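Trainee: model the following, please.
(one chain, ligands or ions: 1)
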Amino acid sequence: MSFLRGSLNYVWCTTSVLGKGATGAVFQGVNKHNGEPVAVKTFNQLSHMRPYEVQMREFEVLRKVKHDNIVKLLAIEDDQEGRGKVIVMELCTGGSLFNILDDPENTYGLPQHEFFLVLEHLTAGMKHLRDNNLVHRDLKPGNIMKFLSEEGLTIYKLTDFGAARELEENQQFMSLYGTEEYLHPDMYERAVLRKSVNRSFTANVDLWSIGVTLYHVATGNLPFRPFGGRKNKEVMHHITTKKLPGVIAGIQLTENGPIEWARNLPDHCQLSTGLKQLVTPLLAGLLEENQKRMWSFDRFFNEVLNILNKKTVHIFYINRASSIEIFMESDDANTLFHFKEHISLQTEVNPDSQLLLYGEEHLEDLVAPNTSIKGYPETAIFNPIMLFSIENNNVCLQNDQELPKFPSFPVGVSVENDASMAKLACSVGHECKRRIINYTKMDTLINSGIEKLIGLLKTTLNKLLQKSRYFEDIRSTIYELADTLETLVSADICHDEVKQICMEVKSLKEDFSRILEPIQQLNNRFCVEDILTREWKTSSRDIKSPSKHYSNEKSKHLVERLRDSWQHLLRDRATRSLTYNDEQFHALEKIKIAETGKRIKALLNDIVKPAIIMEAECLADWYKMAQTIYLQAQILEKDLSSYEETLFELRDRLIRMKEEMKRDNTEMKKNISCGFKEPSISMLKKRIEISSDVKNMLEFQKEIRSILQENEDLIKMLQNVAFDDGNSIENSHL
Ligand SMILES: Nc1ncnc2c1ncn2[C@@H]1O[C@H](COP(=O)(O)OP(=O)(O)OP(=O)(O)O)[C@@H](O)[C@H]1O
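Mentor: Predicted coordinates for the structure are as follows:
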């Protein structure tokens with residue numbers, strides 16, 4: 001029997017199955033002319049029994065759609081052996097989302113970046129369908145394909161338009177399509193429970209399926225799970241129709257038992273707390289069967305756009321040694337105040353106690369309080385903003401969830417069961433690996449946070465020292481100035497203000513040494529001697545730092561071993577009957593799995609985790625010291641600024657005085673040179689210019705005094721003359 005099949009321009013082999021569905025099978029094929037690999041969808045007998053127009057619909061819809069997030073149609077051709085039409089599509093080498101979720105690596109849902117891609121691409125594909133008035137009616141992970149572009153990018157694409165048709169948003173349809181677990185409750189009621197026969201539906205049924213799909217992608221599980229699964233149809237319908245608004249999951253754990261409702265995504269899901277807060281209301285809006293509360297397509301598109309457009313800021317919170325993410329709208333209204341509020345919501349560190357470092361600088365020094373969040377520096381998981389709580393110097397690691405148990409294989413060979421057990425072992429192995437990778441990341445970021453805080457403290461102390469040296473220079477100049485001024489004033493004229501200021505200037509020296517000494521001491525200890533770095537090195541010396549002991553690499557290697565064994569047992573399952581030799585190797589693989597499981601668990605629980613617990617304890621001690629220095633530096637900074645204020649105020653007063661005296665001096669000189677010989681009393685009382693030619697001034701004083709004397713004599717003389725003549729002095733010529 002030949003496995004080779006073909007159409008006019010394509011050829012495929014029936015052994016290269018990409019996937020099978022209700023209507024047929026999809027094979028990997030090739031273009032006869034250029035060798036381009038393609039996917040060829042062929043149809044089975046059952047599908048040919050559908051009405052002709054229904055069969056044609058899939059082709060029509062595929063011809064109509066053209067979008068990056070929808071699998072591209074290359075051709076519709078006839079099978080050369082008369083088995084009907086085939087659809088030739090671009091090949092999605094990454095497989096379907098169903099296969100991806102089925103991998104033990106994703107037992108607890110996709111990693112966050114991958115979830116983001118699915119959300120973005122699925123929504124864009126759906127938008128294109130809606131814009132063309134198309135309803136898909138069979139949305140599920142199995143119909144979302146992963147395409148890997150030549151540039152290495154991942155693009156998720158919608159496929160399988162076998163159930164799709166044209167339908168306006170408010171138009172209704174009667175026929176039944178879809179896959180049970182993803183079906184809108186109304187469709188489920190009619191298709192599965194066979195009730196409400198005349199019920200019709202709208203395009204909104206797609207929204208429900210998207211909700212179930214997104215929950216599945218985020219958590220690795222279906223949201224609505226009756227005990228016993230698919231066969232428990234009544235309970236399934238009860239869960240989906242009786243759930244309260246805002247509930248996103250309902251699980252029945254025991255036969256006829258109660259339903260456990262959930263309003264939040266489970267802890268094991270790999271999305272960050274920040275993203276969970278955004279995704280949960282989205283799921284609640286989609287998984288709503290009540291006509292009044294259910295979302296419209298526009299609402300769905302807008303909400304997703306909102307999530308995707310948010311700016312993500314990565315933060316590493318030292319006191320918990322954990323990474324957090326802040327998602328914020330990057331409009332002008334969101335500023336530092338809101339950013340700190342968001343942080344507070346996730347960490348409970350109140351905004352005033354948040355020490356935020358980007359690099360070795362205070363975030364507040366890099367962004368003004370009214371800078372919008374979009375102007376914030378770019379962050380990444382390994383380049384986060386470091387958050388230290390100023391009011392709390394404890395370091396408490398978050399409690400890990402209990403690790404799922406490694407399965408233990410029963411004695412004897414059971415190819416079916418052994419393959420499932422091996423898969424479960426891989427799931428646990430992957431979870432161990434994720435935790436090891438996370439601990440290693442914590443280790444790297446703790447060290448980086450410490451480095452950054454040390455950097456900040458050194459710069460701060462250095463700046464304080466520079467500043468204080470500068471102030472000391474100013475202080476001594478002022479001191480000299482005041483000293484000269486004081487001598488000058490006391491030499492002749494008593495001037496209270498000058499005396500007062502001189503006293504103040506002299507007392508500055510004492511005030512200043514009270515600030516300068518601790519600044520110098522801190523500088524010596526923490527900049528010159530680098531005590532904080534040395535302290536950390538000494539205290540963390542005995543820690544088997546995961547990042548330096550290749551823990552990630554070891555965990556990857558161990559998980560690969562588990563996966564190899566799983567593949568081996570999968571092949572054994574496919575073979576069904578094993579030879580004696582095969583059975584021996586089968587048994588050996590099981591031993592290998594058990595041993596590898598023990599090793600990876602020991603790596604996590606006996607090496608990496610204890611190392612991090614120890615590191616957190618050392619960090620707590622270290623931070624107590626660093627926090628004290630930080631607070632001291634802050635107090636000194638405040639003292640120095642109030643000292644700066646006093647210093648400059650005194651300087652200004654002195655300068656003012658100097659200016660006034662200079663003016664007086666000039667005035668005197670001018671008056672004398674003009675020949676006006678009557679000096680005002682105020683002029684004499686005013687301050688005297690302190691200049692290099694103090695002598696000149698004293699001479700001036702003498703001169704003025706003699707002029708005064710002369711004037712006084714003259715006035716007396718003239719008064720006598722005037723009284724004698726009975727004339728007023730105004731008419732007299734001097
Ligand atoms: N373009 C493609 N590239 C790679 N694999 C594909 C492609 N299209 C489909 N497949 C694989 O084939 C499987 C079946 O395809 P499809 O869903 O179109 O068939 P179906 O018979 O309509 O299935 P269903 O019963 O789910 O409706 C998919 O789940 C997927 O694994």
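
Trainee: residues contacting the residue nearest the centre of the chain?
Mentor: In the chain, the C-alpha nearest the mean C-alpha coordinate belongs to His314, at 2.6 Å (C-alpha atoms, centre = their mean). Applying C-beta atoms under 8 Å, 6 or more residues apart in numbering to His314 gives the contacts 323-325, 379-381, 383-385. (Glycine included, C-beta is placed from N, CA and C.)

Trainee: dig out what it forms beta bridges with.
Mentor: On the basis of DSSP bridges, His314 is bridged to Glu325.

Trainee: tell me the spacing between it and the ligand.
Mentor: As judged by C-beta to the nearest ligand atom, to the nearest Å, His314 and the ligand stand 35 Å apart.

Trainee: so where's the stretch 101-250 of the chain uncertain?
Mentor: Low-confidence segments of the stretch 101-250 of the chain, defined by pLDDT under 70, are located at 162, 164-179, 187-203.

Trainee: tell me, how many residues neighbour the nearest residue to Phe43 once chain neighbours are set aside?
Mentor: Using C-beta to C-beta, 6 or more residues apart in numbering and skipping residues adjacent in sequence, the residue nearest Phe43 is Gly24, 4.2 Å away. Look at Gly24: counted by other C-beta atoms under 10 Å, it has 21 neighbours.

Trainee: and the contacts of His314, which of them are in strands?
Mentor: When the contacts of His314 are checked against strands using DSSP state E, the ones located there are 323-325, 385.

Trainee: closest one of the residues you listed to the ligand?
Mentor: Glu325 (32.4 Å; C-beta to the nearest ligand atom).

Trainee: my guess is that closest one contacts Leu271, does it?
Mentor: No: in terms of C-beta atoms under 8 Å, Glu325 does not count as a neighbour of Leu271; the distance is 9.4 Å.

Trainee: so what would you say the end-to-end distance of stretch 375-389 is?
Mentor: Stretch 375-389 has an end-to-end distance of 24 Å (criterion: C-alpha to C-alpha, to the nearest Å).

Trainee: how near is Thr335 to Tyr358?
Mentor: Using C-beta to C-beta, to the nearest Å, one gets 16 Å for the distance from Thr335 to Tyr358.

Trainee: what about these two, which has more around it?
Mentor: With other C-beta under 10 Å as the criterion, Thr335 and Tyr358 differ in neighbour count, and Tyr358 comes out ahead with 21 against 18.

Trainee: buried sites along stretch 226-239?
Mentor: Of the residues in stretch 226-239, those scored as buried under the neighbour-count criterion (16 or more other C-beta atoms under 10 Å) are 226, 232, 235-239.

Trainee: now do Leu522, the pLDDT please.
Mentor: According to the prediction, Leu522 has pLDDT 88.

Trainee: in the protein, what residue lies closest to the ligand?
Mentor: Using C-beta to the nearest ligand atom, the single residue of the chain nearest to the ligand is Gly21, 1.8 Å away.

Trainee: surely that residue is in contact with Asp160?
Mentor: Yes: using C-beta under 8 Å as the test, Gly21 is close enough to Asp160 to be in contact (7.0 Å).

Trainee: quick one, which of the two is more surrounded?
Mentor: For Gly21 and Asp160, the more surrounded residue by other C-beta under 10 Å is Asp160, and the numbers stand at 24 against 16.

Trainee: excluding chain neighbours, what is closest to that one?
Mentor: Asn143 (4.3 Å).

Trainee: count of neighbours near the one you found?
Mentor: For Asn143, using other C-beta under 10 Å, the count is 24.

Trainee: and it, its phi and psi?
Mentor: For Asn143, the backbone dihedrals (degrees, to the nearest 10) come out as phi -110, psi 20.

Trainee: dump the residue contacts of it.
Mentor: For Asn143, the contact set (C-beta under 8 Å, 6+ apart) comprises 96, 136, 158-160.

Trainee: contacting the ligand as well, which ones from the residues you listed?
Mentor: Restricting the contacts of Asn143 to those near the ligand by C-beta under 6 Å from any ligand atom leaves 96, 159-160.

Trainee: secondary structure and distance to Tyr10 added to these, as JSON lines?
Mentor: Rendered in JSON lines, the data for those read as follows (DSSP: H, G, I helix; E, B strand; the rest coil; distance: C-beta to C-beta, whole Å):
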{"residue": "Ser96", "secondary structure": "strand", "distance to Tyr10": "21"}
{"residue": "Thr159", "secondary structure": "coil", "distance to Tyr10": "17"}
{"residue": "Asp160", "secondary structure": "coil", "distance to Tyr10": "19"}
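
Trainee: thinking again about what came up before, so which of the buried residues of stretch 226-239 sit within helices?
Mentor: Using DSSP state H, 235-239 are the members of the buried residues of stretch 226-239 that sit in helices.

Trainee: before we move on, back to that, closest to Val498 out of the contacts of Asn143?
Mentor: For the contacts of Asn143, the closest approach to Val498 (C-beta to C-beta) belongs to Leu158, at 87.6 Å.

Trainee: what kind of secondary structure is Asp331 in?
Mentor: Here Asp331 is coil, with the state taken from DSSP: H, G, I helix; E, B strand; the rest coil.

Trainee: give me the phi and psi angles of it.
Mentor: According to degrees, to the nearest 10, Asp331 has phi -100, psi 170.

Trainee: from memory it sits against Ser372, does it?
Mentor: Yes: shown here, Asp331 and Ser372 form a contact pair, counting by C-beta under 8 Å, at 6.7 Å.

Trainee: give me the more crowded residue out of these two.
Mentor: Set side by side, Asp331 and Ser372 show more neighbours around Ser372, with 20 against 11, by other C-beta under 10 Å.

Trainee: I'd like the distance between the nearest residue to that one once chain neighbours are set aside and Ala368.
Mentor: Taking C-beta to C-beta, 6+ apart, and ignoring the residues beside it in sequence, Ser372 has Asp332 as its nearest neighbour in space, at 4.6 Å. Remark: distance between Asp332 and Ala368 (C-beta to C-beta) = 13 Å.

Trainee: how is this protein carved up into domains?
Mentor: The chain breaks down into these domains under automatic domain parsing: 4-90, 97-307, 311-389, 415-666, 693-734.

Trainee: could you tell me the least trusted of these?
Mentor: Among those, domain 693-734 carries the lowest mean pLDDT, a mean of 44.

Trainee: for the nearest residue to Leu562 once chain neighbours are set aside, phi and psi?
Mentor: Ranked by C-beta to C-beta, 6+ apart and with sequence neighbours excluded, the top spatial neighbour of Leu562 is Gly429, at 4.3 Å. With angles defined as degrees, to the nearest 10, Gly429 sits at phi -60, psi -40.
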